[in-house]
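J.: predicted model and sequence below, questions to follow.
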Amino acid sequence: MGTVVHWQQLSPILSIFRLMPEDGSPFPGYKAGQYIALRRDDCRLTKRTIGEDGKPRYVPDLDEERNRKVGPVTHSYSISSAPFETERNRWLEFYVVLEEGQSGEPGRLTESLFRIHPGEDDKVGYVDRIAGDFTLDKRADGARNVVMVGTGTGLAPFAGMAKQLDHDASQGRRDDKRYTLFHANRSRAELAYHEDLLAIEAAGRFDFVYVPSVSRPTAQDRQEPRLGTGRGNNVLRYVFGMVGVAYASVPLYRMFCQLTGFAGTPQIAAGAQAPGAVGRTISIRFDGNVDPHLPWTFRPEQPHITIPIGERSIAFYDARNASGVPVTGQAVFNVTPAQAGRYFTKIQCFCFTEQTLQPFQDVRMPVTFYVDPAILNDPDARDISEITLSYTFYKVDRRASAR
Ligand SMILES: Cc1cc2nc3c(=O)[nH]c(=O)nc-3n(C[C@H](O)[C@H](O)[C@H](O)COP(=O)(O)OP(=O)(O)OC[C@H]3O[C@@H](n4cnc5c(N)ncnc54)[C@H](O)[C@@H]3O)c2cc1C
């Protein structure tokens, strides 16, 4: 059980806190970008029900006297401190948002976390293991340019990376990569680590450009020359538009996430080998959608399949151009539940490139993928029994691309 020694409330729903390990046992070593599982024992529990629309819903779980049931909940959290900070100070730092469920109900664990008062109610359990491959050596190996996009608490792993890169550079350990960090949130107060990141950029110890932006700027924010305004995806749209890869109707942010493997988006391992079956199966459900601007039909050949975790699998979608002219489309994909995204790995996919269909042409589009056995070690994801892979095809507008 760890102790919270510092709690900084950035807004009613955003906080940074520091957790000290149990006496005499330091946290395991880690790399910037990794995560650890945290637990509170007094969480207000929910239970799963099926709504009238046939979709699952989580509602307060009540006992026979209609009191809210209370119990432990464990979830993973990215570590926003840098490894050198933990070596020096022993604590781990986290950047958390108070979750809001479908009905406005606060999330079970974060509601409990937001009741923390250092010195009073300050205990947080943790799994004594730090994991995850969202690290620079795994994600940016061999890259010359590294673009990081952190919206909301998605900044947490990048904060740790930027601080560690700066520290390493101050010790003479510098690589030749160029790092760009896009950071967006609603308000200046919610732009966590803003001052630290500005200072790191100003120090110039490594090649780092910091691009902050707020979507609800105050008059004062508008005076700050280094603060952009606009939502994260609009900032990206602007930047990407400038370099000429704008798609008229493809949501750029999602495409960007897919290209970079950012946050919970599924992973791409083009040409990679699957690790091999590990003796557990999982059900995969397929979904296909078409943006109204694209005159195609597009649907999965099979609604769902059950596959061995770790084994390479293939599924097919059928697409047809229902118009009399050639049309180019680009698919964006999404995996639910979000926790499964990082373990759903695509080896080959029609979504990696644009697809052009000739007038009235029918094509069969394969996707080859595997579910990473690491899912079984993740307390947040190991009980997932079904993953939904959903694609939406958008029309690629050549005029916009050429701008
Ligand atoms: C690798 C990783 C890193 C992460 N890093 C961060 C981070 O740095 N900062 C951060 O704020 N968050 C982070 N998260 C998200 C975090 O793990 C939690 O999912 C989040 O804090 C919500 O927890 P909660 O208990 O408050 O919400 P929950 O109560 O779990 O509610 C979240 C959603 O889960 C569903 N749900 C509700 N009740 C149940 C139930 N009984 N069973 C199953 N599902 C239910 C609902 O759809 C609800 O909308 C990370 C997640 C992962 C996987």
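T.: Looks like it arrived, so ask away. If you're wondering where the values come from, they're calculated on a predicted model, not measured in any experiment. Numbering: from 1, shown residues only.
J.: got the contact list for the one helix or strand A184 maps to?
T.: Here A184, judged by DSSP states H and E, is contained in strand 178-185. The contact list for strand 178-185, computed with C-beta atoms under 8 Å, 6 or more residues apart in numbering, reads 14, 144-152, 155, 158, 162, 165, 191-194, 197, 206-215, 230-232, 235-236, 239. (Each C-beta comes from the backbone N, C-alpha and C, glycine too.)
J.: and these, which are buried?
T.: Neighbour counting with 16 or more other C-beta atoms under 10 Å marks 14, 146-152, 155, 158, 162, 165, 191-194, 197, 206-208, 210-215, 231-232, 235-236 as buried within those.
J.: give the contact list for the residue in the stretch 201-350 of the chain that the ligand sits nearest to.
T.: Proximity of the stretch 201-350 of the chain to the ligand (C-beta to the nearest ligand atom) peaks at Q339, 4.9 Å away. For Q339, the contact set (C-beta under 8 Å, 6+ apart) comprises 264, 378, 380-381, 384.
J.: secondary structure class for it?
T.: helix (DSSP: H, G, I helix; E, B strand; the rest coil).
J.: let's see the pLDDT reported for it.
T.: What the model reports for Q339 is a pLDDT of 78.
J.: which one of the contacts of Q339 is nearest to V96?
T.: Closest approach to V96 among the contacts of Q339 (C-beta to C-beta): D380, at 14.3 Å.
J.: tell me the SS of that closest one?
T.: Going by three-state DSSP: D380 is coil.
J.: and I36, by the same measure?
T.: Classification of I36 by three-state DSSP places it in strand.
J.: so where's the stretch 251-400 of the chain shaky on pLDDT?
T.: Within the stretch 251-400 of the chain, the segments meeting pLDDT under 70 span 251-272, 397-400.
J.: how close does the residue of the stretch 201-350 of the chain closest to the ligand sit to I387?
T.: Distance, Q339 to I387, by C-beta to C-beta, to the nearest Å: 10 Å.
J.: check P337 too.
T.: P337 is 7 Å from I387, where distance means C-beta to C-beta.
J.: D318: neighbour count?
T.: Each residue near D318 was counted by other C-beta atoms under 10 Å, and the total is 14.
J.: wait, it touches R299, no?
T.: Yes: at 5.9 Å, D318 counts as touching R299 under the criterion of C-beta atoms under 8 Å.
J.: all set, thanks.
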